[in-house]
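[1] just a sequence and a predicted model for now, questions to come.
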Amino acid sequence: CIRDRRMRSPRFLTGLENGTFDALVQAFLAPYPGGTATVYEPGGLTSMAAASELLFGVNEVPRVELSKVTHLVSLGADFLDAWVNPVELTRTWAQRHSVAADRALQVDYVGPRRNLTAAASDRWYPLASSQVGSLALSLLHGVFEAKRSTLGAEASTVAGMIQTLGPAPAAAGIDSQALQEMIHRLLRAELGLVLFGGADVIGPDVTAVHTATLLINYLLGSVGPALVYGGEYALSKVDSEAATAALFQNAVADEPELLFVHNANPVYSLPGLGRAVEAGGKARFTVCLASQLDETTAVADAVLPVHHSLETWGDYRVSNRVIGLMQPVRSPLHHTRHAGDLLMALAARTGHAFSESTYKEYLAKRWTDALTGTEAGDGSGSPMPESRWEELLVSGGSFAPAGANVPGPMQLQRGAGLPAVRAPEAKRVKAVELVVPLTGLLYDGRGAAVDWLREVPDPLTQTAWDIPLEVAQDVAETHGITDGSLVKVTIAKREA
């Protein structure tokens, strides 16, 4: 297919790759005009990056740093389980929320479900996901009124932005006293922070709500100390869902004739894409590099088996100060190849061979160049000593100290084209809101086929193998549901 002259624009769709494999994909596509790589990751916070561009002129997801935060309001962000970086955030929260630290970090959680973060918070405010945007807007108006006199000439700019985002809601979803207390705790904290996101609460106005919460954080002075921009955070690489869907639906002018897919399953997780593909709207020839069959491999024209992630060499660039090295923990169980080795062999067959013969060599060369300054252009690169390579494998990668590569303060832009936060629709009498959360074990369901993940008990419900349906008490009483009931959920004529 690549040798075919009509294949002028091969495309590559990957999961959130940010390291040597990403560089290999770019090098593989370089000889082909129009060849591009798209990064797809469900829950990748592209709306937060869009809000950052609207306010600060940078399309970037900031890194969340809780080490100096003294009061945190989380609007659906389950940072102790499956939001952004739960490993780092859980460690910091545990250190600063401990008795030994005198509970230096206090947390208010707002959301429809009592998840891990809600259960561990100091205060939990149950709130339907459709009302979280109104609460964010109420918090913004309250914080702005308290900070207006300190903003000087910038006050009019901020006031204009808030006016575009929306007027103060008549109802914030929680009672007025609780709202005022929440605002007061944010204002009196040494450093207050508001986080928004997660599958529990996102809706059609997700970018507007992200913009409102970022503006709150700007007023609180937490943009910089707690929301760190300029760190080349991996989540900033994720492309929009529309860009991913276009690869399958031929929604771009220069239709992709050849599409590679690796470490991504958009037919499963993108609403409506499966039905669109079934109707014939996909690239001419789709090749999946996969370690297991899934919904996307089912519609592919070819499936090339590759190593499982536990069988591969690789690295991962979390940010410009954290780069982890990955090494295999088992021998390949089947007759497969590393996805990188497969691409390198394919490049050689089409006359664009790499100088390295294996992906492991390519990986080591990249690390040698980075550590000896070749990438800086001084030409001093030399083979990495075996002892240095062993040190990197033992340490797990390259880690700069905290505080390294800290950018300057962010400047507020004029905010042209700001979206508006939607007012929640009048709740229908019999309406029931369905929340499908992400979890630390199965995430968006991509781990549901892995037995050893499903047998691990959920940290809250202690259930294993099965996924329980959590129902609010009033809904359960209305429908006669008790513990152990078998429930059928129907949405738009689809049942589960």
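    That came in fine, so what should we check first? Worth saying up front: this structure is predicted, and the values here are computed from it rather than measured.
[2] SS state for residue 124?
    strand (DSSP: H, G, I helix; E, B strand; the rest coil).
[3] leaving out chain neighbours, which residue sits closest to it?
    Closest residue to residue 124 apart from its sequence neighbours, by CB to CB, 6 or more residues apart in numbering: residue 118 at 4.5 Å. Backbone N, C-alpha and C define where each C-beta goes, glycine included.
[4] what of residue 210?
    Closest residue in space to residue 210, ignoring its immediate chain neighbours: residue 51 at 3.8 Å, by CB to CB, 6+ apart.
[5] what strand or helix carries that neighbour?
    Using DSSP states H and E, residue 51 sits in helix 46-56.
[6] now that helix, how far from the centre of its chain.
    Offset of helix 46-56 from its chain centre (CA atoms, centre = their mean, to the nearest Å): 14 Å.
[7] buried stuff in the helix or strand that contains residue 242?
    Element membership for residue 242, per DSSP H and E: helix 241-249. Neighbour counts over helix 241-249 (16 or more other CB atoms under 10 Å) mark 241, 243, 244, 245, 246, 247, 248, 249 as buried.
[8] from the residues you listed, pick the one nearest residue 138.
    residue 241 (28.8 Å; CB to CB).
[9] next one: residue 30 from residue 354, what distance?
    11 Å (CB to CB, to the nearest Å).
[10] equivalent analysis for residue 20, please.
    According to CB to CB, residue 20 stands 12 Å off from residue 354.
[11] okay, and the common contacts of the two?
    Shared contacts of residue 20 and residue 354 (CB atoms under 8 Å, 6 or more residues apart in numbering): residue 362.
[12] got a list of what the residue lying closest to residue 204 once chain neighbours are set aside touches?
    Ranked by CB to CB, 6+ apart and with sequence neighbours excluded, the top spatial neighbour of residue 204 is residue 422, at 6.6 Å. Taking CB under 8 Å, 6+ apart, we find residue 422 in contact with 133, 203, 204, 205, 208.
[13] need the phi and psi values for residue 422.
    Note on residue 422: its backbone torsions stand at phi -80, psi 140 [degrees, to the nearest 10].
[14] looking at this, residue 101 is in a strand?
    No. Counting by three-state DSSP, residue 101 is not found in a strand; it is coil.
[15] so where's the stretch 151-300 of the chain shaky on pLDDT?
    Residues of the stretch 151-300 of the chain that meet the criterion pLDDT under 70 lie in 249-256, 276-284.
[16] now the strands for it?
    All strands of the stretch 151-300 of the chain, identified by DSSP state E, counting those that start in this stretch, fall at 192-196, 227-228, 258-262, 285-290.
[17] burial-wise, tell me which of those comes out on top.
    Most buried of the strands of the stretch 151-300 of the chain, by mean neighbour count (mean count of other CB atoms under 10 Å): strand 192-196, with a mean of 27.
[18] follow-up on the earlier one: which strands or helices does the helix holding residue 242 pack on?
    strand 11-14, strand 36-39, helix 266-269, helix 273-278 (3 or more CB pairs under 8 Å, 6 or more residues apart in numbering; DSSP states H and E).
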